[in-house]
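Undergrad: got a predicted structure plus its sequence, pasted below:
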Amino acid sequence: MQQFQVEVINCTNQAPQPPAGGVSGLSGTINQTGSNAVSMCYGNNGCFSVVFSDNNAGNIITLTSNITTALPGATVNFTGTNPATATVCWTPPTGAPAFQTVTIQAEDNACPIAGINSYTVEISLNNSCCVISNLTSTPSACNPANNQYSVAGQITFSSPPTTGTLTVTSSCGGSQTFNAPFTSPLNYNLTGLTSNGAACTVTATFSANTSCTATSNYTAPAACLPCSITSVTATPSACNPANSTYSLSGSVTFSNAPSSGTLTVTNSCGGSQTFNAPFTSPLNYNLTGLTANGAACTVTATFSANTACTNTANYTAPAACNPCAFTAINVNVGACVPASNTYSITGSVSFTNAPSSGTMTVTSSCGGSQTFNAPFTSPTNFTLSNINADGSTGCSITAVFSASPACTITSPTFTEPVCPCNLDFFDVNIGVCDPATNTYPINGNIQFTSPPSTGQLIVETCEGLQQVFNPPFVSPLTYTINGGTPGLATCDVQVYFTANPACQQTITFTPQPNCLCPADAGTYTGTITGSSTTNYVMCYGDQITINSNGNFTYANDVNDATIPYNPGIWYMIYSCPPTVGLPDITTDPCLLGVIETSSTFTDINDLFIINSFPAGTFTNNTVYIVPITMYDVTGGYYSVTNWGGYCYDLGQPFAVQYLTEITATGVEDCANGTVTVTVSGGLPAMNGSQFTATGATPANAVLNNTTCNNNGTIVISGLVNGDMYSVTIQDANGCPITYSGGPFVGPATPTLTPAGPFCDTDPAVGLTASIAGGTWSGTGITNATTGIFDPSIAGVGTHTITYTPTGCTNPATMNITVSAQLDATITPAGPFCESNAAVNLTAVDAGGTWSGTGITNAANGTFNPATAGAGTHTITYVVGTGACSDTQTTTIQVIADADATVTPAGPFCVGDPSVTLTAAQTGGSWSGTGITNAATGTFDPATAGVGTHTITYTISGVCGDIGTTNIVVNDTANTTITPAGPFCINASSVNLTAVDAGGTWSGPGITNPTNGTFDPASAGVGTHTITYTIGGACGNSSTT
């Protein structure tokens, strides 16, 4: 026990007050373990502060300490006077005692006695300091689907806290927390972050030791929301009459534009404008110098860095504003076509600034027109066909636009052509003399082409007898003139047109001698059965029948003794019209003989008659069939008289044209898909007219031309392999032939043997086709002749392969798919401790399925060691399906966690005997001040010395554990009292202090035994003995 005396002086003073909250201002590697206790690590700098204040605001506090001697290498800075702060910074050197105490004393300048107070700070040192040595941060690419990205990285650390959490936080959003125990390294992944190109910082911090922290900087990827052009406008200006141009203006509105490249606005009707990045929506554009033509136009806006980001707008260009004008008209009047008495007009019109719509019509004032639809091209050629050739005068051609009626042109006038008039056929039949009038009739037929349109057609005899026909004149005509005078030596009949006297013909005949011969062949009716459309022009195979109308009169029976009277009607055959009135028909050079010996003549055109006579006998194969009265059909007598003359009658001649058979041959053209049909015979072989083709089959067949001359060709196109084809061809008389053929041998298309799908690692293969000898092409073809396809050269994708054979063939194509050979090789993982956080396993190719013990998410490959449990686990990863898939396995070891939890011990007195410490699991190693046997955990309080000692128990291994406990060793209590006084009797109460706190104070003036409050006024003037006692096993007592 120690005693001291306190002198109380009648003055005022209060000692500086120590910090109520203990140490403060911790920085660096340092932790506060009590109000006046901190923990530091060897080799790691840490700082703390102690702040004193004096209730007497005017007092100045001076600080002193034993820090620089107690803590080698430490620095201490004293700042301020009231309050006054001592800031201590120290890097504990290796080998320094594990427990240190420092004292900081504060003294004021109070009068007459300075106030003094002190504060002790306990410092514990250990070797295991938490340090985060590396923190990485790698952002992923932006996901266009949601404009988000993830940031992943790894945290490498040592000596982590054994409790609390480790939190990884990004300044740009997102965090991930890991619970103790912690195993280095730890992989983290923050997802769902917004892509915006911002500068970001990742921070990793242990909650149990916030000074154990680290940061890593990265830049977020730029935004990648899908680019979209939401609208394009297009507004054309009015047409500029000076140059017939206009301008186009508009705007392009968009979002999420690319950050590079160009935006190009292109007009399908001409002009474009390009904008460079960066782009600000909306962008206004203006295209000038566009041609005004009324066309439908499209404006397209496209980003070069993202060509899928595009949009269009449609508009109509203003119509041309230069006046429409015809600059020329050329007219060519064709010659008359006698067969149809028509002609054609060809020519061209030239113009400028035509309307963009409507029609252009070219019209002849004398008949015929042609219409053209917009758009119009200058010059335009026209053809007006089948115009009646009647010699009209004052004809002209006019062209006009319907959309601009004022835009017109008219040609100079012209006169229509006239076909040369021609009398094609004219015959004369002398009728039977009428005894009552002693006259005879004359009749016959007239055929002509291109008659005049005016005047008269007159048939006139040598006696002036006439029959007159007025226009219009239609061929053929039949005439009859009565009153012919018999007995004349000769006479003639002339036919002529008064408007064209040169168009005439005359036939001379011998009139009837008298009226004693009543023979009259009568009239007949001829009928053509078959395809012919013109009387007495017979198609091959048609049939002609000539029947008497029964109004004939035979010659009288002369009762000749040698020739019987057996009258009838026969038919004679002539090569040209018979000579009328010739007494002896056998002297007629045109007579060829008898063709029929009955009153009805029938013949089928099989060219038998034509071929029965020498070539050239018949002009244009025209045969003249003439009925004749017969006196004796048995003996073949046509005239028997008893007066020295002839008595018979020739009926009307039938001029029958026997057309040859129409024949056709065809030649196929495989490559062009055509058949060229050569046609001959029929009417074109006789008069140079044309064949007409119609009705080509099948539906895909097209007639390249529909008319041709004799021995000309009709071309059928559009045929494909296997077509059965036909075409009907007719001449102008309706004589048909149907030419048929097939199947058409068109370009053959080879069949390609399907190949693939392949993996990109598969070996090259040879492709095959049903037609050999061709050439192969396409991505992946390494030998065009043999068709070698190499999947590795083709690459992943669908490739179109083309095979082109030689000859008349079509190429063939097929698609070959090459898929990537997937690699399921798994990135090794583990070993893990049971308590480790779940991790996502990875493989070379993502997107597969994971399975095995411990897999909690088959898609992400999440492996949870706790779920798997201790042991070696086989994990399987399958990526893809089909031939190019892959399956791999790996083994992951999970080790059971050690438990180094230390059984609490102490407190002890410095003189207590050694004890053996224990933990949850044995086999570890003990360390710390006072440990005298690391294997058994023997702790000696005397060796440890007074203080709080951190004892560490370490179980080594991958999943080892470290446990710590604090053991307090108390010295025999040090009750040494800090000197105090003298005090003035009116001084404020003060709290007395001793080396060891926690005891009980007693004596005069003590008003609070616990706090040691001494009140000079209560004590009174004098010297007072104060006792301080600390109870307990390590207790003590002192006086002052």
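TA: Yep, it's here. Numbering: from 1, shown residues only.

Undergrad: return the helix or strand in this protein with minimum mean pLDDT.
TA: Using mean pLDDT, DSSP states H and E, the weakest-scoring helix or strand in the chain turns out to be strand 5-7, at a mean of 48.

Undergrad: C-terminal to it, what's the next element?
TA: strand 24-28 (DSSP states H and E).

Undergrad: between the helix or strand that that following strand is followed by and strand 24-28, how many degrees?
TA: Next along the chain after strand 24-28, taking DSSP H and E as the criterion, comes strand 30-34. If you take axes from the mean of the first three to the mean of the last three C-alpha atoms, to 10 degrees, strand 30-34 sits at 140 degrees to strand 24-28.

Undergrad: residue 54 against residue 16, yeah?
TA: Yes. Contact criterion C-beta atoms under 8 Å: residue 54 and residue 16 qualify, at 4.7 Å. To be clear about C-beta, it is placed using only N, CA and C from the backbone, and glycine gets the same treatment.

Undergrad: those two: which has the busier surroundings?
TA: Comparing residue 54 with residue 16 by other C-beta atoms under 10 Å, the one with more neighbours is residue 16, at 28 against 25.

Undergrad: pLDDT wise, what is residue 549 at?
TA: pLDDT, residue 549: 94.

Undergrad: where's the residue lying closest to it once chain neighbours are set aside relative to residue 812, distance?
TA: Take residue 549 and drop its neighbours on the chain: the residue closest to it by C-beta to C-beta, 6 or more residues apart in numbering is residue 523, 4.6 Å away. Between residue 523 and residue 812 the computed distance is 73 Å (C-beta to C-beta, to the nearest Å).

Undergrad: next: residue 56.
TA: 109 Å.

Undergrad: just residue 633 next, same as before
TA: Taken as C-beta to C-beta, the span from residue 633 to residue 812 is 78 Å.

Undergrad: with neighbour numbers in mind, choose between those two.
TA: Between residue 633 and residue 812, counted using other C-beta under 10 Å, residue 812 has the larger neighbour count: 19 against 16.

Undergrad: now for that one: which residues touch it?
TA: 749, 750, 751, 752, 769, 802, 803 (C-beta atoms under 8 Å, 6 or more residues apart in numbering).

Undergrad: and those residues, which of them are buried?
TA: Among those, those buried by neighbour count (16 or more other C-beta atoms under 10 Å) are 749, 750, 752, 769, 803.

Undergrad: quick one: the helices in the stretch 1-150 of the chain, in order.
TA: According to DSSP state H, counting those that start in this stretch, the stretch 1-150 of the chain carries its helices in the segments 67-70.

Undergrad: neighbours around the residue nearest to residue 998 when sequence neighbours are not counted, how many?
TA: Distance criterion C-beta to C-beta, 6+ apart; nearest residue to residue 998, sequence neighbours excluded, is residue 1030 at 6.1 Å. Residue 1030 has 21 neighbours, counted by other C-beta under 10 Å.

Undergrad: wait, residue 1030 touches residue 1001, no?
TA: No. Under the criterion of C-beta under 8 Å, residue 1030 is not in contact with residue 1001, lying 10.7 Å apart.

Undergrad: what's near enough to touch the spatially most central residue of the chain?
TA: Computing the C-alpha centroid of the chain and ranking residues by C-alpha atoms, centre = their mean puts residue 308 first, at 8.7 Å. Taking C-beta under 8 Å, 6+ apart, we find residue 308 in contact with residue 227.

Undergrad: please report how far residue 137 lies from residue 369.
TA: 84 Å.

Undergrad: what residues are shared contacts of residue 54 and residue 16?
TA: With C-beta under 8 Å, 6+ apart, residue 54 and residue 16 have common neighbours 61, 82, 108, 115.

Undergrad: and the helices in the protein?
TA: 67-70, 608-611, 684-687, 791-794, 865-868, 941-944, 1016-1019 (DSSP state H).

Undergrad: so which of those gets nearest residue 148?
TA: Residue 148 lies closest, by C-beta to C-beta, to one member of these: helix 865-868, at 28.6 Å.

Undergrad: who are the packing partners of that closest one?
TA: strand 886-895 (3 or more C-beta pairs under 8 Å, 6 or more residues apart in numbering; DSSP states H and E).

Undergrad: list the buried ones in the strand it packs on?
TA: 886, 888, 890, 892, 894, 895.

Undergrad: equivalent analysis for stretch 165-180, please.
TA: Buried, per 16+ other C-beta under 10 Å, within stretch 165-180: 166, 167, 168, 169, 170, 172, 174, 176, 178.

Undergrad: wait, isn't residue 374 in contact with residue 319?
TA: No. At 11.1 Å, residue 374 does not count as touching residue 319 under the criterion of C-beta under 8 Å.

Undergrad: could you list the low-pLDDT ranges of the stretch 51-200 of the chain?
TA: 111-113, 127-128, 145 (pLDDT under 70).

Undergrad: what segments of it are strands?
TA: Ranges of strands in the stretch 51-200 of the chain, per DSSP state E, counting those that start in this stretch, are 61-65, 75-79, 84-90, 99-108, 116-126, 131-135, 138-139, 148-158, 165-170, 175-179, 186-194, 199-206.

Undergrad: the shortest one pairs with which strands, parallel or anti?
TA: I take that to be strand 138-139. Sheet pairing of strand 138-139 (DSSP bridges) gives strand 148-158 (antiparallel).

Undergrad: residues in contact with the strand it pairs with?
TA: 130-143, 166, 168, 170, 174, 182, 184-195, 200, 202, 204, 212, 214, 216, 218, 220-221.

Undergrad: one more: stretch 219-229?
TA: Identification of contacts with stretch 219-229 by C-beta under 8 Å, 6+ apart yields 139-144, 147, 149, 172, 193-200, 252-259, 301, 303, 306, 308-311.

Undergrad: now the buried members of those.
TA: For these, a burial check counting by 16+ other C-beta under 10 Å picks out 139, 142, 147, 149, 172, 193, 195, 200, 252, 254, 256-258, 301, 303, 306, 309-311.

Undergrad: pLDDT at the residue of the chain most remote from its centre, what is it?
TA: In terms of distance from the mean C-alpha position of the chain, residue 561 ranks first, at 109.7 Å (C-alpha atoms, centre = their mean). pLDDT for residue 561: 83.

Undergrad: also the one 4 residues further on?
TA: Reported pLDDT at residue 565 in the predicted model: 94.

Undergrad: do the one 5 residues further on as well
TA: Listed pLDDT for residue 570 reads 95.

Undergrad: show me what contacts it?
TA: If you count contacts by C-beta under 8 Å, 6+ apart, then residue 570 has 594, 596, 597, 598, 627, 628, 630, 633, 638 around it.

Undergrad: quick one: residues contacting the fifth one.
TA: Contacts of residue 627 were listed using C-beta under 8 Å, 6+ apart, and they are 521-522, 524, 546, 548, 552, 569-572, 599, 601, 650-652.
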